[in-house]
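Student: test case, fold it:
(one chain, ligands or ions: 1)
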Amino acid sequence: MEKEIDLDYFRSLLESRKDEIERNLSAISSDIEELQGLEVNDEGDFASISSSRYTDTMLATHQLNELKEIEHALQKVAKSSDLFGICEMCQDDIAKERLVAKPFAIYCKSCRELVEQRGKDKKTK
Ligand SMILES: [Zn+2]
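Tutor: Numbers count the residues shown, from 1 in each chain. Model prediction:
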């Protein structure tokens with residue numbers, strides 16, 4: 001089956017997502033700096049500040065991971081059109097609908113499910 005992947009389309013999709021994340025990250029880091037500059041006397045205040053800082057940190061970590069995945073995908077787009085849209089586990093084509101929803105996907109649907117299943121198993125043990 002002929003692959004019909006419009007690399008330019010996915011490249012711009014990835015780049016705009018990357019810009020968005022970079023903006024989010026700089027907003028988060030200035031929030032964290034602001035919080036760190038606050039004087040905290042009350043224990044209650046401290047609890048609410050640290051939990052919001054915790055949320056920011058979690059968010060930043062998540063966004064950083066996504067940013068890495070996006071950069072990885074962009075490298076594949078730059079290197080060769082044969083690399084982009086191919087599952088890194090089974091080498092099958094990743095469904096186009098899946099790439100539109102998640103252009104930095106590195107696994108096809110069934111491999112993704114396998115990986116997620118394994119991740120869940122680890123957490124419960
Ligand atoms: Zn696969």
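
Student: give the buried residues for stretch 76-90.
Tutor: K76, V77, F84, G85, I86, C87 (16 or more other C-beta atoms under 10 Å). Every C-beta, even on glycine, is put in place using the N, C-alpha and C of the backbone.

Student: name the helix or strand for the first one, please.
Tutor: This points to K76. K76 is located in helix 43-79, with elements delineated by DSSP states H and E.

Student: that older thread, also near the ion: which of the buried residues of stretch 76-90, exactly?
Tutor: Among the buried residues of stretch 76-90, the residues within reach of the ion (C-beta under 5 Å from the ion) are C87.

Student: up against the ion, what does the chain have?
Tutor: Residues of the chain lying near the ion (C-beta under 5 Å from the ion): C87, M89, C90, D92, C108, C111.

Student: can you name every helix or strand that the helix holding K76 contacts?
Tutor: helix 7-37 (3 or more C-beta pairs under 8 Å, 6 or more residues apart in numbering; DSSP states H and E).

Student: pLDDT for the buried residues of stretch 76-90 - can I get that in a markdown table?
Tutor: Formatted as a markdown table, these follow (pLDDT from 0 to 100):
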| residue | pLDDT |
| --- | --- |
| K76 | 91 |
| V77 | 90 |
| F84 | 92 |
| G85 | 92 |
| I86 | 93 |
| C87 | 95 |
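
Student: just the buried residues of stretch 76-90 now: which is nearest the ion?
Tutor: Of all the buried residues of stretch 76-90, the one sitting nearest the ion is C87; the distance, using C-beta to the ion, is 3.2 Å.

Student: hang on, the earlier thing: tell me the buried residues in the helix holding K76?
Tutor: D56, A60, Q63, E66, L67, E69, I70, A73, L74, K76, V77.

Student: pull the most distant pair out of the buried residues of stretch 76-90.
Tutor: V77 and C87 (15.8 Å; C-beta to C-beta).

Student: tell me how far stretch 73-80 lies from the chain's centre.
Tutor: Put simply, stretch 73-80 sits 16 Å off its chain's centre (C-alpha atoms, centre = their mean, to the nearest Å).
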